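> sequence-free structure coming up:
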Ligand SMILES: [Zn+2]
């Protein structure tokens, strides 16, 4: 059940970035965890994948 808490926390941290990506801004986002990495973002219209090349944390979600 801890996993659910983690997912909610992750969603909270990525929320601003997710909103930006949905608005079409894919570039120039810094990692909300380490603040160093520039995030790699993939979004195909329903599935979003965000990954930090520095610390390796990622977020993956369906946003349909
Ligand atoms: Zn990071």
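Done, it's in. Just so you know, these numbers come straight off a predicted model, no measurement behind them.

> Run through the residues of this structure sitting next to the ion.
For the chain, the contact set with the ion under Cβ under 5 Å from the ion comprises 31, 33-34, 37, 52, 54-55. For every residue, glycine as well, the C-beta is placed using N, CA and C.

> Just give me the neighbour total for residue 55.
Neighbour count of residue 55, defined by other Cβ atoms under 10 Å: 13.

> Spatially nearest residue to it, not counting backbone neighbours?
In space, and not counting its chain neighbours, residue 55 is closest to residue 34: 4.2 Å by Cβ to Cβ, 6 or more residues apart in numbering.

> ditto for residue 51
residue 58 (4.0 Å).

> Let me know whether the one you found touches residue 41 as I believe.
No: between residue 58 and residue 41 there is no contact under Cβ atoms under 8 Å: 10.3 Å.

> Same drill for those two, tell me which one is more crowded.
Set residue 58 next to residue 41 and count neighbours by other Cβ under 10 Å: residue 41 wins out with 18 against 14.

> which residues sit in contact with that one?
Contacts for residue 41 were tallied using Cβ atoms under 8 Å, 6 or more residues apart in numbering; they are 17, 21, 26-27, 29, 48-51.

> again with residue 32
Residue 32 makes contacts with 13-14, 17, as judged by Cβ under 8 Å, 6+ apart.

> What ranges does this protein have for its helices?
For the chain, applying DSSP state H gives helices covering 2-22.

> re the thing from before, please indicate which of the contacts of residue 41 are buried?
Buried members of those, scored by 16 or more other Cβ atoms under 10 Å, are 17, 21, 29, 48, 50-51.

> quick one: contacts of stretch 52-64?
With contacts defined as Cβ under 8 Å, 6+ apart, stretch 52-64 is touched by 10-11, 14, 18, 22, 31, 33-34, 36-40, 45-51.

> Report the distance from that stretch to the chain centre.
Centroid separation for stretch 52-64 versus its chain: 4 Å, with Cα atoms, centre = their mean, to the nearest Å.

> Over to stretch 17-30?
Centre-to-centre, stretch 17-30 and its host chain are 9 Å apart (Cα atoms, centre = their mean).
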